[in-house]
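Visitor: The following comprises the amino acid sequence and a computationally predicted model.
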Amino acid sequence: MEVWTVGNKTIMMLFVVIATYFTATVADPWLVFFFLIYSALNLILHIVKKSVTKQMIILAIIIYLIDSAVYHPYFVLLLPFSMNELASFHPSKYGYLLIAVFLPLLFLHGDMMVLYAFVATLSFFSYLMVRHYIGRVIKQEDELERMRKDLQKTAKSLNENREYARASEYMVKLEERNRLAQEIHDGIGHAMTGALIQMEAAKRILGSDAAMAETLLQNAIGISKEAIEEIRITLKHHKPPVEQLGFSRLKTAVEAFAGQTGLMTSVVHEGNIEQITPLHWKIIYENVTEALTNSAKYSGASAVHVEVRVLNRFIQAVVADNGKGASKIVKGLGLIGMEERTAHVNGTVVADGTRGFSITTLIPYGD
């Protein structure tokens, strides 16, 4: 509002200066003096910071213009803009502004009345228009501030959820360790203690009662075998299958890639992934991560899809993006490295750039 008012007042003052110059019959140095005082008051207005002081200065300018209009009527043309400026501090009372702006028409006559009516109308509607747009700007700023606060709350909630997830994961691990330790203590620990007691007893009576000592040793051996079998079964139950470890590691790597680059990613598998050996998973993992890096650097893609399929005779791992692709594939060190590591297991790598860019790893398995 302030910049708009300054611009309008400057234009109108130039008009009044030119008008008084051409309408004056003789050079009047007092007019120059009046214009200088008006300019000085406006400069002071835009130097002070306090709202009350600004309103007092504007009111002084209005009184000064009324007095100056007695000396020369063209000074009255500057009144509407100062009144608009004063009204900007009280936007809810613009009805009174309308009355105040057009009140001088009661004291003007002829051409000056028409000219003032035009200037007053123009300044009034300019004020309303600027006030409308300033209101919209303020509303948008309030909306941005609200969205910023909502974003901060969401980020805080997300961080709290992450902390909760990490704490929950840690507690789950602790509980699982405690359960496993208790299971070993209650089952295997007690069994091994019983076997040790029987072996100690057999040692003591070995010289006096060999048959009983042999029986005790045989019992201890049987208990030890059962404990070892229980250890094997416990570890088997708690150790995740190789195929779950391989796919989980691959999925984690792809999700980390999405977090670092901002690309949309998806990972799926199809078929019996138990057929994929740890060596195959290693090759697939390294080829997929290399292909993802190439997509992020060169393809200009927004999404990357990773798919692992176990077919009748082949394991197929595909990394496909929706980027610009390439009509001619130029083999760099990354693609050559994929081909070499896949060739060690008699596999092959196929690159295609017709629709986006895709890299397919084919690995034979079985007889």
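Guide: Cool, the structure landed.
Visitor: Would you indicate which residues of stretch 63-74 are buried?
Guide: Neighbour-count burial for stretch 63-74, counted by 16 or more other Cβ atoms under 10 Å, picks out 64, 65, 68, 69, 72, 73, 74. Glycine gets a C-beta too; all of them are placed from N, C-alpha and C.
Visitor: what is residue 363 paired to in the beta sheet?
Guide: Here residue 363 sits in beta bridges with residue 315, as judged by DSSP bridges.
Visitor: how much space is there between it and residue 273?
Guide: Distance check for residue 363 against residue 273: by Cβ to Cβ, to the nearest Å, it reads 13 Å.
Visitor: Those two: which is more packed in?
Guide: More crowded of residue 363 and residue 273, by other Cβ atoms under 10 Å: residue 363, with 23 against 19.
Visitor: ok, that one touching residue 342?
Guide: Yes - the criterion here is Cβ atoms under 8 Å, and residue 363 meets it with residue 342 at 6.6 Å.
Visitor: Mind listing the shared neighbours of these two?
Guide: Common contact partners of residue 363 and residue 342 (Cβ atoms under 8 Å, 6 or more residues apart in numbering): residue 283.
Visitor: Does residue 366 lie in a helix or a strand, and which?
Guide: Under DSSP states H and E, no helix or strand contains residue 366.
Visitor: Residue 122 now?
Guide: Using DSSP H and E, residue 122 falls in helix 110-183.
Visitor: Tell me how far that helix lies from the chain's centre.
Guide: Centre-to-centre, helix 110-183 and its host chain are 14 Å apart (Cα atoms, centre = their mean, to the nearest Å).
Visitor: Return the set of buried residues in the helix or strand that that helix is followed by.
Guide: Reading on from helix 110-183 to the C-terminus, the next helix or strand found by DSSP H and E is helix 190-205. Neighbour-count burial for helix 190-205, counted by 16+ other Cβ under 10 Å, picks out 191, 192, 195, 198, 199, 201, 202.
Visitor: can you list contacts of helix 190-205?
Guide: Residues contacting helix 190-205 (Cβ under 8 Å, 6+ apart): 212-214, 216-217, 219-221, 223-224, 226-227, 230.
Visitor: Stretch 107-125: which residues count as buried?
Guide: Neighbour counts over stretch 107-125 (16+ other Cβ under 10 Å) mark 108, 112, 115, 116, 119, 120, 123, 124 as buried.
Visitor: Next one: the fourth one relative to residue 259, how far apart?
Guide: Between residue 116 and residue 259 the distance is 67 Å, computed by Cβ to Cβ.
Visitor: The third one too?
Guide: Between residue 115 and residue 259 the distance is 68 Å, computed by Cβ to Cβ.
Visitor: Please enumerate the helices of the chain.
Guide: Along the chain, counting by DSSP state H, helices occupy 2-23, 29-45, 51-71, 79-87, 94-102, 110-183, 190-205, 210-238, 242-261, 278-294, 333-343.
Visitor: Which stretch among those is buried most, on average?
Guide: helix 79-87 (a mean of 25; mean count of other Cβ atoms under 10 Å).
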